[in-house]
Each structure stands twice: as structure tokens, then as C-alpha cells.
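> using only what follows, build the 3D model:
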Amino acid sequence: MNLNTLGFNETLQTAFQPYKEQALVPGRISLEHKRIYRVLTEHGELLGEVTGKMRHEAEGRGDFPAVGDWVAVQARPEEQKATIHAILPRFSKFSRKAAGLTTEEQIVATNVNTVFLVNALNHDFNLRRLERYLLMAYESGANPVIILSKADLCDDVDQKISDVEGVAFGVPVHAVSVESGTGLEELQHYLGEGQTVALLGSSGVGKSTLVNHFYGAEVLKTNEVREEDSRGRHTTTHRELLVMESGGVLIDTPGMRELQLWEADDSVGQSFQDIESLSSRCRFNDCSHQNEPGCAVREGLADGTLDAGRYQSYVKLQRELAFLARKEDQRLANAERAKWKKIAGDRTRVHRK
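This is a model prediction of the structure:
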């Protein structure tokens with residue numbers, strides 16, 4: 001298997017050099033299932049597990065391999081197995097808060113050059129959800145591209161594109177239809193050799209259909225959506241990395257209707273440039289946009305230059321991130337206490353011996 005096709009570049013080669021001296025080989029995670037990994041290497045596809053040391057030192061999910069990761073492995077090609085010793089530095093990482101009550105990171109995909117944010121042009125079209133995906137994309141370090149799928153089902157494509165451009169400043173927007181073949185050629189240049197593209201979007205927007213089109217075969221199962229609300233069932237149940245004949249790499253992800261952010265503080269200003277620009281023109285630097293005189297944000301809401309729904313989305317995201325930051329601070333404090341408690345316990349046992 002040609003590692004350059006998978007995206008193994010000079011930067012990664014430099015990062016791998018210390019592991020090469022340990023007789024390890026590089027590989028890329030293409031599938032993860034309950035801490036068992038499918039790893040693509042120069043020896044082909046191997047089934048991998050992390051070392052006991054790596055498992056012991058991991059402080060959370062983010063310390064385990066994820067789909068898209070480059071790893072250093074001890075390969076046993078005669079058994080078609082491998083032992084994963086380390087994760088190479090990630091140049092991009094998509095994370096969200098894991099489902100449930102705990103504050104824990106769930107990595108969706110790593111080492112992605114471009115992310116296709118897929119939104120269907122049917123009843124499921126949702127600008128507020130797209131804003132959340134944009135925040136996730138900006139924070140990841142990858143380049144966002146918005147794909148408006150199922151264009152054949154929409155009578156006002158130009159208006160929808162205009163609506164999207166109003167919340168996604170400077171982001172490429174492509175309206176496509178696999179059914180009619182519209183707009184698909186424009187996406188090919190994102191899938192050059194060594195390039196990795198991840199597809200994100202809710203269930204039923206057509207991510208798996210796009211993957212099958214680019215792959216040239218039905219490698220992923222697809223389902224019909226319900227006509228009454230355009231919602232689909234979760235066709236993709238896991239993240240998977242697929243290598244295209246063109247040399248590009250695609251990562252399909254499960255549909256995420258409820259996207260709970262993990263971190264995006266640094267990207268809010270980039271995603272909500274219009275609101276941040278208005279805020280900078282308020283009379284007071286610490287304006288809360290409530291009752292202060294000379295509030296440019298309230299003036300924008302009053303004269304219609306700022307959409308009320310967009311502003312409420314901005315406020316909701318700010319509150320969500322603030323809450324998450326507080327929970328994360330508490331989690332880190334608890335983890336620190338647990339670490340020192342363990343160290344103290346180990347010292348006590350050694351002293352008794």
C-alpha cells in the first residue's frame with residue numbers, strides 16, 4: 001500500500017523518525033470498533049490494538065487512536081495483526097462532546113484537509129445547525145466546504161445558496177445532486193492524491209450516497225428518507241476511512257442531528273463575523289447587548305440588518321461553551337486529584353514493602 005496516497009507527507013515522516021529507529025512502521029487508522037482498530041500499512045490492512053502502556057497512560061478518549069490518525073505500529077503481517085505504540089501529531093482534529101452526562105471528548109476524525117459540511121436541500125435544510133458545524137470545522141483546523149445536496153428536490157437553489165453565504169462568510173458553497181449529476185465535477189479537485197476529506201452532516205442528507213459516487217461502487221449502505229419530514233435513519237453507524245482510486249481519502253461519519261460542541265471559543269468570532277463586527281461598534285467595550293445605550297447589536301436587531309434567529313444561535317452557543325468550560329475545569333481538577341491520590345497510594349505501598 002502506497003502511504004503517500006494515504007497522505008503520509010514529509011512532516012509526518014519527520015515526526016515518525018524516532019519510531020523508525022525502534023523498528024516500528026507507520027500506519028493510518030481506517031476503522032475503530034471498541035478499541036480494536038483497522039490499520040492501513042505498507043504491509044496491507046492489519047488488525048491493531050494499543051499497548052498496555054498506552055492504555056494505562058491514557059487520561060481520556062482523546063488519548064486513544066481515532067479514524068484518520070497516523071500511528072506507529074509493530075506489524076505482524078503473517079498474523080495480519082499489529083500493536084499500536086504511539087499516535088503521531090495531528091494537524092487537524094474534529095471533536096464533539098460525547099453523548100451522555102459526562103464531560104468527555106469524542107473525536108470524530110483527524111488529519112483532515114477538507115471537511116464537506118453536507119446539508120440537504122429539502123425539509124431538513126437548517127441554517128442554525130450549519131452554524132454549529134461551521135464552528136466545529138473552524139476549530140478543527142481543516143478547510144470547510146459546504147455541500148448542499150439533493151439539489152434536484154429544490155425549486156429555489158439560488159436563494160438557498162444566498163442564505164448559506166449569509167452565515168458562512170468566504171466558505172465555498174456547492175449545490176449538487178447525485179441523482180441528476182449536478183455540480184459533482186466541481187468537488188473532484190478536493191480529492192487529489194494524499195488529500196483527506198471528511199463528510200459531516202445529519203442523517204439522511206446524502207453523505208453515504210456521495211461517498212458511493214466518488215468511490216464508483218456502493219461501498220456504503222444508503223436508506224430512503226421519510227417524505228413527511230425528510231429525515232433519514234442512521235445509515236452509517238461508525239466512522240470509516242476509504243481510499244479513492246484517484247488517490248484521495250474519504251471519511252464518512254454517522255449522522256449527528258444533535259451536535260454538542262467540545263471547544264470552539266477561538267472560532268466563534270470567525271463564524272459570527274457579522275455579530276462580532278457589530279459588537280465592536282457598541283459604545284461600551286463590555287456591552288452585554290441588553291439595556292446599554294449605544295448598543296450596535298440591538299440597533300442591528302431593530303432595523304433588521306441582524307437576523308434575530310442568528311443572534312439567538314450566537315447567544316446559545318456562547319452559553320453552551322461557557323458551561324462546557326466550567327464542566328471541563330471541574331473534570332480536570334478531579335482528574336488531578338485522582339492522579340495525586342494514586343501516586344500517594346503507590347508510594348505508601350512501596351514504603352510498606
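> which regions of this protein sit below the pLDDT cut-off?
Applying pLDDT under 70 to the chain flags the ranges 97-104, 217-238, 255-270, 320, 322-353.
> domain ranges for it?
10-87, 107-252 (automatic domain parsing).
> so which of those domains is nearest Cys295?
Nearest to Cys295, of all those, is domain 107-252, at 21.8 Å by CB to CB. Quick note: C-beta positions are derived from backbone N, CA and C, even for glycine.
> span of the closest one from start to end?
13 Å (CA to CA, to the nearest Å).
> now mean neighbour count too, for the domains of the chain, in CSV please.
Shown next, in CSV, are these (neighbours: other CB atoms under 10 Å):
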stretch, mean neighbour count
domain 10-87, 17
domain 107-252, 19
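> got these as CSV, with distance to Ala302 columns?
What follows is the domains of the chain, written out as CSV (distance: least, CB to CB, whole Å):
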stretch, distance to Ala302
domain 10-87, 44
domain 107-252, 19
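> out of the ones you listed, which is closest to His289?
Among the domains of the chain, domain 107-252 sits nearest to His289 (CB to CB), with 17.9 Å.
> can I take it that Leu321 is in a strand?
No. Looking at Leu321 with DSSP: H, G, I helix; E, B strand; the rest coil, it is helix, so not inside a strand.
> do a quick rundown of the strands in the stretch 1-150 of the chain.
25-33, 36-41, 44-50, 70-76, 81-87, 93-97, 105-110, 114-120, 143-149 (DSSP state E, counting those that start in this stretch).
> out of those strands, which comes closest to Met136?
Using CB to CB as the measure, strand 93-97 is the one of the strands of the stretch 1-150 of the chain that comes nearest Met136, at 6.1 Å.
> from the contact counts, what lies against that closest one?
In this structure, strand 93-97 packs against strand 105-110, helix 127-140, with contacts taken as 3 or more CB pairs under 8 Å, 6 or more residues apart in numbering; DSSP states H and E.
> out of those, flag the one nearest Phe116.
helix 127-140 (9.7 Å).
> how far away from the center of its chain is that closest one?
Taking CA atoms, centre = their mean, to the nearest Å, one finds the center of helix 127-140 at 10 Å from the center of the full chain.
> next one: stretch 110-130
With CA atoms, centre = their mean, you get 11 Å for stretch 110-130.
> now stretch 189-200
Distance, stretch centre to chain centre, for stretch 189-200: 14 Å (CA atoms, centre = their mean).
> kindly check the end-to-end length of that stretch for me.
By CA to CA, one end of stretch 189-200 lies 19 Å from the other end.
> please report how far Arg32 lies from Ala66.
Arg isn't right for residue 32; it's Glu. Relative to Ala66, Glu32 is positioned 7 Å away (CB to CB, to the nearest Å).
> any residues in contact with both of those two?
Arg239 (CB atoms under 8 Å, 6 or more residues apart in numbering).
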